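Enquirer: I would like to see how this sequence folds:
(one chain, ligands or ions: 2)
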Amino acid sequence: MKLQLFNTLSGTTEAVLPADGASVRMYACGPTVYDYNHIGNFRTFLHVDILRRTLLLFGLKVTHVMNITDVDDKIIRNASAASTPIADYTAKFERAFLEDLNALGIQRPEFIPRATDHIAEMVTLIQQLAARDLAYKTEDGSWYFRIAGDPDYGRLSKKDFEGIEDGARVDVDEYEKDTARDFALWKAPKPGEHHWETALGPGRPGWHIECSAMALQLLGNSFDLHAGGEDLMFPHHENEIAQSECATGELFARHWMHVRFLLVEGKKMAKSEGNFYTLRDLLLKGHKVSAIRYLLTSVPYHHQMNFTFDGLTDATVAVEKLRTFNIRLTAATRSGADNATWSERVKQADAEFIAALEDDLNTARALAPIFELLRFCNGHLDKTGNIASPADIADALALLQKFDSIFAILEDRDAETTRAAIAWAETEGRTNEVSSDLASSMAFTDAAIDALVAERTEAKKTRNFARADAIRKELAEKNILIEDSKDGVRWKRK
Ligand code: AMP
Ligand code: ZN
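Expert: Ligands and ions are numbered 1, 2, ... in the order given. Below is the predicted model:
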């Protein structure tokens, strides 16, 4: 099993392998913790999680770094408006981000460094660049990278920077146009602004130098893979490469992966567009975290995807089908001889699942054989009355586990996650955002529903149909649906 992944740097699809033969060293740009993250941000983090999980499934080790950007213009501005130290201001959003990662089943990277814990390394890096005449100080005490000093500038985004104006500068982190400019490495503070006293003078780091310094420190001068959303390719990643390679003289990251945007009606989901949903927004509307994960991962990373509520509904149904299949296989009677077609189908689905992941993490294609197998096995179990051989069931369950080591939706933590979101809304004074349907279905704990469902089953046994109907009605009014099937009684929140 070998992952073939598109490499933005080379423009070709190449195998991802650890250069040191031991562990894939990878860096993925993390969030700027000035607010809650929207599901566009999470699409990127989820696909980096799919990458990570695939490498692990393929038997490789990973050393994965994801930074937390806890100082930038917005953070300084918002913290100052709230009269809060920046560390206190960002702590809340950092915590929320990590909770959201957890809720979405995103595995923790080995390292999650904060930019403000690595100021010394950033200063050293800027000094190295200055020693090579690639960084210069301006009158106000800021430091800039001299693009004209790097003949290879533009190698990632392949932009044509002909006629770069030497000394033209941007002092903001966000470029207005796709034009090359000397960019800020270190920003002198405005009066009263939060800053660090360093050998470069007082100030704070630019965004790009943060990632270079943390990546070089934690992964070494040269490492295997660097990932981020497609908007980071230029200027952020281009600038990371320029700073790092000019300082070390070595190739920075060999492989670059860029996750394409999540769109809403054809436009990038973005804070600035006002067309975004945070994870918490969706949970409070009654959507399940498993469906959100499934939806955002089911379209491969190299395609842009449009977010719609219909898509989210379809994802909810898909997750339910897979969970029901898992439960049905687990509960099936193991007896009789192996079925040649069954075992052939499992083998084929397994091979197709792996081949799709190997092929540039094609998650959509990876799902197809799992659903085909689901239909086949369900058909078989319908015919036999839920009986299959021990080996056949074990094989199908093993493949389902393999599927879940990537997609991570079988374990049902939906209610727990939603409950945590409601508790958060209460502490933030945002209970008005909790949908009324959700509030009523959450009024019952899982244990209370289990008890009522058991009481209904008992009532039916003793032919007390009035009580049984009353229980069904009471739960239905709270948006909790009871489903009677051949395999027993199940319930779900609508
Ligand atoms: P930020 O906190 O804005 O730096 O974004 C964190 C990550 O989310 C970066 O890797 C961005 O490229 C990514 N990102 C932002 N908006 C979207 C979007 N609409 N779709 C996919 N990824 C996004
Ligand atoms: Zn970065």
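
Enquirer: how about the residues of the stretch 201-350 of the chain by ligand 2?
Expert: Selection of the stretch 201-350 of the chain residues close to ligand 2 by Cβ under 5 Å from the ion yields C211. The way it works is simple: take the backbone N, C-alpha and C, and place the C-beta from them, glycine included.

Enquirer: is stretch 280-297 in proximity to ligand 1?
Expert: No - using Cβ under 6 Å from any ligand atom, stretch 280-297 stays clear of ligand 1, with a minimum separation of 9.0 Å.

Enquirer: the stretch 301-450 of the chain: strands as residue ranges?
Expert: 305-306, 333-334, 387-388 (DSSP state E, counting those that start in this stretch).

Enquirer: so for E352, which of those sits nearest?
Expert: Nearest of those to E352, taken as Cβ to Cβ: strand 387-388 at 21.0 Å.

Enquirer: may I have the phi/psi pair for whichever residue of the stretch 151-300 of the chain sits closest to ligand 1?
Expert: As assessed by Cβ to the nearest ligand atom, ligand 1 sits closest to G229 within the stretch 151-300 of the chain, at 1.9 Å. Dihedral pair for G229: phi -70, psi 160, per degrees, to the nearest 10.

Enquirer: CA atoms only: put stretch 128-136 into PDB for me.
Expert: Output of stretch 128-136 as PDB, limited to C-alpha atoms (Å, rounded to 0.1, in the frame of the first residue of the first chain):
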ATOM      1  CA  GLN A 128      20.000  34.300   9.800                       C
ATOM      2  CA  LEU A 129      18.200  36.000   6.900                       C
ATOM      3  CA  ALA A 130      19.600  39.400   7.800                       C
ATOM      4  CA  ALA A 131      23.100  37.900   7.800                       C
ATOM      5  CA  ARG A 132      22.500  36.800   4.200                       C
ATOM      6  CA  ASP A 133      21.100  40.200   3.300                       C
ATOM      7  CA  LEU A 134      17.700  38.700   2.700                       C
ATOM      8  CA  ALA A 135      16.000  40.600   5.600                       C
ATOM      9  CA  TYR A 136      16.200  44.300   6.200                       C
END
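
Enquirer: would you mark the buried spots in it?
Expert: Buried residues in stretch 128-136, counting neighbours by 16 or more other Cβ atoms under 10 Å, are found at L129, A130, L134, A135, Y136.

Enquirer: then stretch 193-209?
Expert: Those would be H195, W196, T198, L200, G201, G203, R204, P205, G206, W207, H208, I209, for stretch 193-209 by 16+ other Cβ under 10 Å.

Enquirer: quick one, what contacts the first one?
Expert: Contact criterion Cβ atoms under 8 Å, 6 or more residues apart in numbering gives A188, P189, P202, G203, R204 as the residues in contact with H195.

Enquirer: so which of the residues you listed belong to strands?
Expert: Mapping those onto strands (DSSP state E) picks out P202, G203, R204.

Enquirer: picking up where we left off before, now flag whichever of the contacts of H195 is closest to I68.
Expert: Comparing the contacts of H195 against I68 with Cβ to Cβ places R204 closest, at 15.2 Å.

Enquirer: OK, contacts around the closest one?
Expert: Going by Cβ under 8 Å, 6+ apart, R204 touches V71, I76, W186, K187, P189, E193, H194, H195, W196.

Enquirer: beta partners of it?
Expert: K187 (DSSP bridges).

Enquirer: can you check the pLDDT for it?
Expert: R204 is assigned 96 on the pLDDT scale.

Enquirer: ok, now F161?
Expert: Listed pLDDT for F161 reads 68.

Enquirer: A strand includes H258, no?
Expert: Yes - counting by DSSP: H, G, I helix; E, B strand; the rest coil, H258 is found in a strand.

Enquirer: what's across from it in the sheet?
Expert: G228.

Enquirer: thought it was touching L225?
Expert: No - H258 lies out of contact with L225 (Cβ atoms under 8 Å); the separation is 11.5 Å.

Enquirer: and the gap between the residue nearest to H303 when sequence neighbours are not counted and ligand 2?
Expert: Excluding its sequence neighbours, the residue lying closest to H303 (Cβ to Cβ, 6 or more residues apart in numbering) is R260, at 5.9 Å. With distances taken as Cβ to the ion, to the nearest Å, R260 is found 17 Å from ligand 2.

Enquirer: number of residues surrounding G59?
Expert: 7 (other Cβ atoms under 10 Å).

Enquirer: quick check: closest non-adjacent residue to it.
Expert: Of all residues not flanking G59 in the chain, M1 sits nearest, at 6.9 Å (Cβ to Cβ, 6+ apart).

Enquirer: same thing with R132?
Expert: In space, and not counting its chain neighbours, R132 is closest to C246: 6.5 Å by Cβ to Cβ, 6+ apart.

Enquirer: verify the stated contact: that neighbour with D133.
Expert: No - with contacts counted by Cβ under 8 Å, C246 stays clear of D133, the gap being 10.0 Å.

Enquirer: shared neighbours of the two, anything?
Expert: In contact with both C246 and D133: G149, using Cβ under 8 Å, 6+ apart.

Enquirer: what's near enough to touch the residue nearest to E372 when sequence neighbours are not counted?
Expert: Among residues not flanking E372 along the chain, A349 sits closest, at 6.4 Å (Cβ to Cβ, 6+ apart). By Cβ under 8 Å, 6+ apart, the residues touching A349 are P369, I370, E372, L373, L399.

Enquirer: quick one: which of those residues sit in helices?
Expert: The helices, defined by DSSP state H, take in P369, I370, E372, L373, L399 from the contacts of A349.

Enquirer: and the gap between the third one and F353?
Expert: Distance of E372 to F353, computed by Cβ to Cβ, to the nearest Å: 10 Å.

Enquirer: neighbour-wise, which of these two wins?
Expert: Higher neighbour count among E372 and F353: F353, with 22 against 14, using other Cβ under 10 Å.

Enquirer: OK, contacts around that one?
Expert: Per Cβ under 8 Å, 6+ apart, neighbours of F353: A366, P369, I370, L399, K402, F403.

Enquirer: rerun that using 7 Å as the cut-off
Expert: For F353, the contact set (Cβ atoms under 7 Å, 6 or more residues apart in numbering) comprises A366, P369, I370, K402, F403.

Enquirer: what's the farthest-apart pair in the residues you listed?
Expert: Of all pairs drawn from the contacts of F353, the widest gap by Cβ to Cβ lies between P369 and K402 and measures 11.3 Å.

Enquirer: these two - which one has more neighbours?
Expert: The neighbour count for P369 versus K402, taken as other Cβ under 10 Å, is higher for P369 (22 against 16).

Enquirer: wait, that one touches E352, no?
Expert: Yes - here P369 reaches E352: they are 3.9 Å apart, a contact under Cβ atoms under 7 Å.
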